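please work out how this folds:
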Amino acid sequence: MFNRLQSVKRHFNVSAVCQRSLEQAIHCQELKHHLTEQDGLVERLRSEKQVLLHTVWQEGFELGIRSSSKLSYENFRHFERVNPIAKHLDEDVLDYLWTFLDLKAYPQQARLHDPDFAYLLESDAQSRIVFAQAWLEGVLSVWQTIKEQVDLFPSQS
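The predicted model follows:
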């Protein structure tokens, strides 16, 4: 850039151009700062995000409950064992969940009720993770409800 400037700098005031650019950059930063401070934008967006993630969690949890009817004893035991690592899931986890539900023949049309919700899961990594974690919690909530009954020997029931 310095070399390119040498041949054309006599046609304009370099200092004035830099000063205008710096003034614009400062003005934009001041506007952004004022907007976030004045309107409570950050707090409002945080609140909206929490509501949205709660909805994502609720949808995942309910799907976990509904899809539990397709799971085997072995599946429940497996999910019980891997539950501690659910905090470390990555954004690809939803693909694995859909594949798993396909293997269990759980109908796709019964998975998500709202098309806008499906778009959110496609576009937001955190939502995919929260949804899958909630699904696991839903599955395990069913398991905790029936586990003692399942593990009883027939002669003990």
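
low-confidence regions, the protein specifically.
155-157 (pLDDT under 70).

please enumerate the strands of it.
Taking DSSP state E, the chain contains no strands at all.

domain assignment for the chain?
Split into domains by automatic domain parsing, the chain comes to 2-38, 41-148.

which of the ones you listed sits most buried?
Per residue and on average, the most neighbours among the domains of the chain fall to domain 41-148, with a mean of 15 (mean count of other C-beta atoms under 10 Å). Every residue, glycine included, has its C-beta placed from N, CA and C.

one step back: now the domains of the chain in TSV, with distance to Pro154?
Below are those laid out as TSV (distance: least, C-beta to C-beta, whole Å):
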stretch	distance to Pro154
domain 2-38	64
domain 41-148	14
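
ramachandran coordinates for Asp92?
With angles defined as degrees, to the nearest 10, Asp92 sits at phi -80, psi 0.

that one and Leu41, how far apart?
32 Å (C-beta to C-beta, to the nearest Å).

and what of Asp90?
Per C-beta to C-beta, Asp90 is found 29 Å from Leu41.

doesn't His33 make contact with Leu41?
No. Contact between Leu41 and His33 fails when scored by C-beta atoms under 8 Å: they sit 10.7 Å apart.

for Arg66, which non-adjacent residue is closest in space?
With C-beta to C-beta, 6 or more residues apart in numbering as the criterion, Arg66 has its nearest non-adjacent residue at 6.8 Å, and that residue is Ala110.

do Glu91 as well
Nearest non-adjacent residue to Glu91, counting by C-beta to C-beta, 6+ apart: Ala125, 3.6 Å away.
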